[in-house]
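**Student:** Need the 3D shape of this:
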Amino acid sequence: MLKESLKGVRVALLACGSFNPPTNSHLRMMEIAKDFLEHECGCRVVEGILSPVADNFAKKDLLNAGHRYKMLEMATKLSKWMKADDWECTQSQWTRTLQVLKHFKEVLGRKYSDAEFRIILVCGGDVVDSFRRILPDGSNLWDPKDVEAIIRDFGLIILERTSATPVETLAQIPGASKYAGNIATLIDEAFPNNVSSTKLRSALKRGYSIRYCTPDPVVDYILENKLYL
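**Tutor:** The predicted model follows:
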């Protein structure tokens with residue numbers, strides 16, 4: 001089980017996504033995962049990395065990576081353990097999540113080579129639901145082999161989101177049950193919310209405030225640069 005295998009291990013957390021814009025839910029997701037790992041699994045979380053996707057990821061209303069990375073920097077500026085990283089968003093092509101995990105495992109593995117180290121993917125339940133999404137051309141959004149490798153080789157911490165059904169989704173993915181011990185699904189009892197980047201963009205387009213949905217420096221940056229209007 002996840003709790004047993006992580007005792008005394010140094011762990012880095014990785015969250016990948018558009019962060020368009022980053023929200024308090026993104027930050028809270030990482031904090032909840034850190035609490036779970038340290039209090040329930042007896043390990044030490046040494047870093048939390050938020051990695052925005054590159055511009056060539058085909059997604060509607062995707063702001064350029066320069067703005068999204070800058071907002072993530074502002075959102076994590078006061079954190080002692082979380083940070084934004086621009087490796088993924090500066091790549092010339094879209095990088096699949098499994099490759100991003102492998103990249104950071106190599107980089108951080110050298111940094112923490114003096115102790116047992118692991119990197120774990122953190123995501124919302126809505127992301128897990130997308131594991132089975134079929135694109136208009138009939139191809140899979142996520143390569144099933146990638147999903148299995150992520151769970152098997154890295155591990156997955158899921159924060160439940162309204163209307164998402166990650167447990168049911170994983171039950172339908174071949175191979176996921178085999179590595180169920182590498183998966184943890186969490187509920188944020190202290191601050192349950194349904195804030196999303198999509199809802200923030202919609203509010204901004206209507207001229208409504210998004211303050212207190214994302215850190216103040218991010219709000220100010222959006223307004224100063226007239227983003228999403």
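**Student:** All the helices of this structure, in order from the start?
**Tutor:** For the chain, the helices defined by DSSP state H cover 2-5, 24-40, 65-76, 97-111, 125-129, 144-153, 166-171, 197-205, 216-224.
**Student:** D188 is nearest to which of these?
**Tutor:** The closest of these to D188 is helix 24-40. By C-beta to C-beta, the value is 5.2 Å. Placement of C-beta: from N, CA and C, glycine included.
**Student:** Now do the residue of the chain positioned farthest from its centre against G109, distance only.
**Tutor:** Ranked by distance from the centre of the chain (C-alpha atoms, centre = their mean), the top residue is G207, with 27.8 Å. G207 sits 47 Å away from G109, going by C-beta to C-beta, to the nearest Å.
**Student:** Could you do S18 as well?
**Tutor:** 27 Å.
**Student:** which one of the two has more residues nearby?
**Tutor:** Between S18 and G109, counting by other C-beta atoms under 10 Å, S18 is the more crowded of the two (18 against 13).
**Student:** give the contact list for that one.
**Tutor:** Residues counted as contacts of S18 (C-beta atoms under 8 Å, 6 or more residues apart in numbering) are 52-53, 57, 59, 62, 68, 197.
**Student:** Next step: the residues you listed restricted to strands.
**Tutor:** The members of the contacts of S18 that map onto strands under DSSP state E are P52.
**Student:** got a pLDDT number for K77?
**Tutor:** On pLDDT, K77 comes in at 96.
**Student:** List the residues that contact it.
**Tutor:** Contact analysis of K77 by C-beta under 8 Å, 6+ apart lists P217.
**Student:** Ok, the one 10 residues further on next?
**Tutor:** Residues touching W87, when contacts are defined by C-beta under 8 Å, 6+ apart, comprise 51, 100, 103-104.
**Student:** That one and R118, how far apart?
**Tutor:** 19 Å.
**Student:** Same check on K59?
**Tutor:** To R118, K59 is 29 Å away according to C-beta to C-beta.
**Student:** More neighbours: these two, which one.
**Tutor:** Using other C-beta under 10 Å as the criterion, K59 and R118 rank with R118 on top: 20 against 11.
**Student:** farthest-separated two in the contacts of S18?
**Tutor:** The most widely separated members of those are F57 and S197, with 13.6 Å between them, by C-beta to C-beta.
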